[in-house]
Every structure is written in structure tokens, then in C-alpha cells.
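*Asks:* Kindly generate the corresponding structure for this input.
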Amino acid sequence: MADVRPRDVQVAEIGANTLVLRSRTWERLKFEVEYARQRGTTANSYLIQAQETVLIDPPGASFTDLFLEELQQHQYLQRLNYIVLSHVNPNRVATLKRLLEVAPYATVMCSKPAANTLHSLLADQSSSIYAARDDEALDLGIDYAARTFRLHIVRDEDVLDLGNGHTLQFYFIPTPRWPDAICTYDPGTRILFSDKLFGAHVCDEAVVDEHWKRYSDDRRYFFDCIHAAQAIQVEAVLDKLAALPSKMYAPAHGPMVRHSLTRLTQDYRNWCQQQESQEVSVALLYTSAYGNTATLAHAIAKGIADAGSAVELIDCEFTEPDAIARAIARCDGFIIGSPTLGGHAPTQIQTALGIVLSTAAQTKVAGVFGSYGWSGEAVDMLESKLQDAGYRFGFDTIRVKFTPTAETLQQAEAAGIEFVQTVKRAKKVRAPRQISVEAQTDRTGQAVGRVTGSLCVLTAKDRDIHVGILTSWVSQATFNPPGLTVAVSKESLADVLAEPGAQFVLNILKEGRNLRRYFLKPPIPGEDRFAELATTEASNGCKVLKDALAYLECTVVNRMDCGDHWLLYATANFGKVWDASGVTAVQHRKSGNSY
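*Replies:* A predicted model of the protein is given here:
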């Protein structure tokens, strides 16, 4: 049974004069894929109380009231001199606003890109933030709620002396996902406040990772969701921080990293190198006005990584043209995402498109996505320019009005998986030079691909675990008894359906419902693919999808070895149509060489 404890704030000492305030929830915090393990999470903030007091990283809006109540109860706000923001987003700023109302004397410290974001989120009139040159003193004022609060922009390796042996060192560590990111190091306690590095979305009572092995899967999943798409930049950050003699990592989420510090650091390096050594590489270029296009980019990138491809996430607003050109040169496929501003794509995207059109070979696979408020001309422009240039598309162009929904993000993730499959097919076609054999194989594959099939989800039980796979290799085989054949990959459910008498349900999908997205990617250990679906159980104990068009309860009669697949012949014992007016979803393929 899931833990239903209320949210709270756990306070613990992690070093001399240093506290962690862990805002905890045992629920899945929100619908982004990074929370999909549903293990809850902690939003970690840190308080250093020396001659001067600093608060590092207030939590997001979900914890604002609880967090401020904890600060006021222990009178932590009375001596608050500084608030350090490792990165800025609207969720965190919601709590910052409340902090500035009760502690208007505190100085906010962040990077210059973060200050620009704060300007747009907080300021009424604050042109002074842009008036300061890079070589000027950067203590600025921003008007907010009829007050002026102090903002200090920190540069790479800036130092802040708090007294009593605590001196904070700041390091600018920009990545495509967080171009404003800094981390903070205290030589007095040798604690590195690492923000999004070395975290995990898991909630429990342990403040420090004494039993660190039980967090291994959570840490890897966090890396895959958050950092895999920016592995090149993360590895550079690891190099930059390697010289610091840290004895503890204090991340934004999860337990403090002390007992496994060396091991986790090496794990990060290994995971980065695994991403960079993948057979297929995708460059994902984007810029974002309000965060919506960026959210789509992260979902697509997660799908690409799940499909076993390296993905390089590139925020064009913070990337030099030469770096974009190099990324395009080394990738097998590229995807461009853009918002629409005033009926046009931002200048950075127009520059990136020019680089692509002038340097990218037409053998590379392309993709386009974007969000918009009213019109969406930028997405249409990107699509038409790439089509006119002769590029093949790896998925249907994604257009999202306003904020992406949970369903939209799942579709974007599925599009990333589909893109990698298209790139792999393209590489197989163009790689060998034995034209006579390969060309004929490709022509045959294209012809086989024109054999269409009903899109279905086959569900079965592996002991007490419900499993399901997506298939379109289904055909009616007999009238009496009613029977059908299903081709099943030897890597999927073959062992579950190995013997005559094995039971399964064939769920025939309905056009327009898009249930396929739940079954496109390989399953995660422990993941319940059916958790978000309306289901019931058939008489044979297998799952029935209530949003399908129809279903059949089946029994395996025989099995034939067909190379990379098993061909199952099964009889249908019972069937039901859920929607008599619905239309069967059909899988259309351009090649018979892959799904």
C-alpha cells in the first residue's frame, strides 16, 4: 500500500553550522517522466548559520507554506543575509516571492542568466539589471511588491566570506537544461551543494546515504531522465569540480551523498561515456520563450535516450554557432524545436536552421516540434524549409498550443523513440556499399512494409506480473474454431507463451485513442505499464484494456520457430467489442525491416 503520510519538512545537521531542510512528499510530485518511479521526493534546501546566514535553494511552490512555517518557527529568518539560487524557475520563484516579503533585507545571489530570468518574473521596473556592464560591480536593485531587494550576480569562482570558517565558492556550471546553473562549495565543511547533480527522486527517513546500494536504481533513473541528454556538458562539469576535496554532495533531491561519493562520481562518468558511445547520435536543437518548448524537448530527449541513442540537447540561445555546426556534423539525425514569437521563429533558431541547411547531409533524418500561443508559424516554417531541402522526417511534426499536458509529453517521448527507429533504419540502408544485394533487400523490405496490420496490445501474465507488448503482426487463420496467428519477437513474451495452453488477451486498439504510447518503449523493472490505464481482467486472468476497440481471450495451440520471431497459432475463446462505431487502428510502415 502506498505511503499516505502528509508532506513535511525534515531538519537535520549535516556539518558545522549547516542544516538541511528536506521538504518531503511521499507522493509522485507531478506528471513529468522523472517522477515516474513514484517513490516520492525531497526538495532539499540548506541553511548555513555563521557570522552571516545564507539559505541555499528554497523549495518549489508545493512546499512554500510548510517551508516558511519551519523557518519562522525556529527564527531562522531573523538573521537571513543571503539567498542563493542554484538555478531559477517559476516554481522556485513562487517561494522566493514569499521569502522576500518576510525577509526583504536579504540579498539574492545567482548567475547572470538567472538574474535575467528573475527580472522577467519579478521586476516591475528594473532596467538597471541590464545597464550594468560585465566589468562593473553587480549589486543591483529589482523592484518587487513596492520594495527594492538586493541582487548580487556571482561569476565563476567568486567567493563569499560568511565568517566562522565558512567561505562559499561559486562555480558556473551551465547545461542546456539549466543554462543559469551554479553550484556552491564550502571549504569549511567540504560540502558541495550540487543542485541537480547526484540527486534522486526518493523519499525516506534517511538523511545520508548510509545504505547507498538501495538508491542505485533511483540514481540511475534520475540521471537518465535529467542528464543523459546533456552528457557532454555534465562530463565537463565533473572535470571542473574534480579538484574540490569534497567529502559530501548536498543535492537538490534525495539523500546526502557521503558514503558513496567516489562511487557515484565514477558512475556519472561511466553513464556519460555510455551515452557518448552509442551507435546512433541525435542533435536536439531548441530555444524556449516560456519553458513550454523546453519541456517538449526534454520529453523527446528522454524517448531518444530510452531507445538506446545518444542525444545532445542544445539550447540555441546559449550555444555558439560553431558548436551547433559541430553537433550537426557528428549526428545521425537532428530535431529542431521553436516557439513562435510575433509570427516568427526566434533569431537563434533561424541561425541554427541556416547552419543545418548549409551543412547537414540530406541522408540525416530530421524532426520538428514547438509550442505556440495563437498561430505557430515558426513550426510550419521549419517543417516546410526542411521538406523543401529534401530531408526525411523521423516523426510527425509536433505542434502544442500553450502548456504541454501529461498526454502530450508522453506522445513527445514516444516520438523520440520513433525517431531513433527511423534513424537506425536509415543507417542500415545507406551504410553498406554492396549496392546490388542491399538495394534489392531494401526494395523487398519496402514492399513487405506495405503489408498493414491491426495495431494490438497482447497482454499475458508472467507468474503474478501483468505484461504487455505492442504488435501489429496479427492475422485471422481459421473460421472453425475461430483462430488467429500472432508473430512475437523472441526478445519479448516468447517464454511466457511457450507452451500449448498458455493464455493471453489480444486487445485490438481503436484509432484516435493512442494507447500505443504506453507500450512503445522497453519496460522499466518494477514499472506498472497499466497504472494509468482503465483495465479489467479477462476470465483467463490477463489484462483487458477498456479503452481498446475490442478484445479476444486466446489460448495458444501451437508455436513455430521463424528465425527472429515465434509464430503463435491460438484459438479465440471469447471476444467483446467495446465500441461498435469505432475504427481499428492500423500500423502503416515504410519498411518491413523493422517495426
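*Asks:* mind giving me the domain ranges of this protein?
*Replies:* 8-195, 292-430, 453-587 (automatic domain parsing).
*Asks:* ranking those domains by burial, who's on top?
*Replies:* domain 292-430 (a mean of 20; mean count of other C-beta atoms under 10 Å). Yep, even glycine has a C-beta here, placed from its N, CA and C like the rest.
*Asks:* how about a markdown table for the domains of the chain, with distance to Met248 and mean pLDDT added?
*Replies:* As requested, those are arranged in a markdown table below (distance: least, C-beta to C-beta, whole Å; pLDDT from 0 to 100):
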| stretch | distance to Met248 | mean pLDDT |
| --- | --- | --- |
| domain 8-195 | 5 | 84 |
| domain 292-430 | 28 | 90 |
| domain 453-587 | 29 | 88 |
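*Asks:* Select, out of those, the one closest to Leu285.
*Replies:* Nearest to Leu285, of all the domains of the chain, is domain 292-430, at 4.8 Å by C-beta to C-beta.
*Asks:* Okay, now stretch 449-467: how far is its last residue from its first?
*Replies:* Start-to-end span of stretch 449-467 (C-alpha to C-alpha, to the nearest Å) is 27 Å.
*Asks:* Please renumber the chain so that the first residue is 394 from this point on.
*Replies:* OK, 394 is where the count begins now, so the last one is stretch 842-860.
*Asks:* list the contacts for Thr852?
*Replies:* If you count contacts by C-beta atoms under 8 Å, 6 or more residues apart in numbering, Thr852 has them with His859, Val860, Gly861, Phe897, Val898, Asn900, Cys935, Lys936, Val937, Leu938.
*Asks:* what do you get for Asp554?
*Replies:* By C-beta under 8 Å, 6+ apart, the residues touching Asp554 are Thr560.
*Asks:* Shouldn't it be within a helix?
*Replies:* No: with DSSP: H, G, I helix; E, B strand; the rest coil as the criterion, Asp554 is assigned strand and is not in a helix.
*Asks:* what about it, distance to Thr560?
*Replies:* Per C-beta to C-beta, to the nearest Å, Asp554 is found 5 Å from Thr560.
*Asks:* Can you give the distance of the longest helix along the chain from its chain's centre?
*Replies:* If you go by DSSP state H, the chain has its longest helix at helix 799-823. On the basis of C-alpha atoms, centre = their mean, to the nearest Å, helix 799-823 sits 15 Å off its chain's mean C-alpha point.
*Asks:* Okay, helices next: where are they in the stretch 544-693 of the chain?
*Replies:* Listed in chain order, the helices of the stretch 544-693 of the chain (DSSP state H, counting those that start in this stretch) span 609-619, 624-634, 654-669, 685-699.
*Asks:* Give me whichever of those helices is most buried.
*Replies:* Comparing these by mean neighbour count (mean count of other C-beta under 10 Å), helix 685-699 comes out on top with a mean of 25.
*Asks:* got the contact list for the very next helix or strand once past that helix?
*Replies:* Per DSSP states H and E, the first helix or strand lying C-terminal to helix 685-699 is strand 703-708. Identification of contacts with strand 703-708 by C-beta under 8 Å, 6+ apart yields 569-570, 572, 621-625, 668-671, 673-681, 687, 690-691, 694, 697-698, 716-717, 720, 724, 809.
*Asks:* Cys935 and Thr929, how far apart?
*Replies:* From Cys935 to Thr929 the distance is 10 Å (C-beta to C-beta).
*Asks:* My error: substitute Asp972 in the last question.
*Replies:* Using C-beta to C-beta, Asp972 is found at 15 Å from Thr929.
*Asks:* same question, Ala629
*Replies:* Distance, Ala629 to Thr929, by C-beta to C-beta: 51 Å.
*Asks:* show me what contacts the residue nearest to Pro567 when sequence neighbours are not counted?
*Replies:* With sequence-adjacent residues excluded and distances taken as C-beta to C-beta, 6 or more residues apart in numbering, Pro567 is closest to Ala574, at 5.8 Å. By C-beta under 8 Å, 6+ apart, the contact set of Ala574 is Ser479, His480, Ser504, Phe565, Ile566, Pro567, Thr568, Asp588, Lys589.
*Asks:* for Pro714, same thing?
*Replies:* Contacts for Pro714 (C-beta under 8 Å, 6+ apart) come out as Thr744, Ala745, Ile748.
*Asks:* thinking again about what came up before, would you mind saying which of the helices of the stretch 544-693 of the chain lies nearest Ala643?
*Replies:* helix 654-669 (11.1 Å).
*Asks:* distance between the closest one and the chain's centre?
*Replies:* 18 Å.
*Asks:* Equivalent analysis for stretch 862-872, please.
*Replies:* For stretch 862-872, the distance to the chain centre is 34 Å (C-alpha atoms, centre = their mean).
*Asks:* Stretch 436-444 now?
*Replies:* The chain centroid and the centroid of stretch 436-444 are separated by 29 Å, computed with C-alpha atoms, centre = their mean.
*Asks:* again with stretch 622-632
*Replies:* With C-alpha atoms, centre = their mean, you get 16 Å for stretch 622-632.
*Asks:* who's in contact with it?
*Replies:* 566-570, 590, 620, 658, 661-662, 664-666, 668-669, 677, 691, 694-695, 697-698, 703-706.
*Asks:* Quick check: mean pLDDT of that stretch?
*Replies:* Stretch 622-632 comes out with an average pLDDT of 90.
*Asks:* One more: stretch 836-845?
*Replies:* Stretch 836-845 comes out at a mean pLDDT of 79.
*Asks:* can you pull the buried residues of it?
*Replies:* Neighbour counts using 16 or more other C-beta atoms under 10 Å place Gly838, Gly842 of stretch 836-845 among the buried residues.
*Asks:* So which residue of the chain lies furthest out from the middle?
*Replies:* Asn873 (49.0 Å; C-alpha atoms, centre = their mean).
*Asks:* Quick check: that one vs Ile901, distance?
*Replies:* Going from Asn873 to Ile901 by C-beta to C-beta gives 21 Å.
*Asks:* swap in Thr864?
*Replies:* Thr864 is 11 Å from Ile901, by C-beta to C-beta.
*Asks:* Now do the contacts for Gln759.
*Replies:* Rather than Gln, residue 759 is Ala. Ala759 neighbours (C-beta under 8 Å, 6+ apart): Gly726, Phe727, Ile728, Ile729, Leu779, Tyr784, Arg785, Phe786, Gly787.
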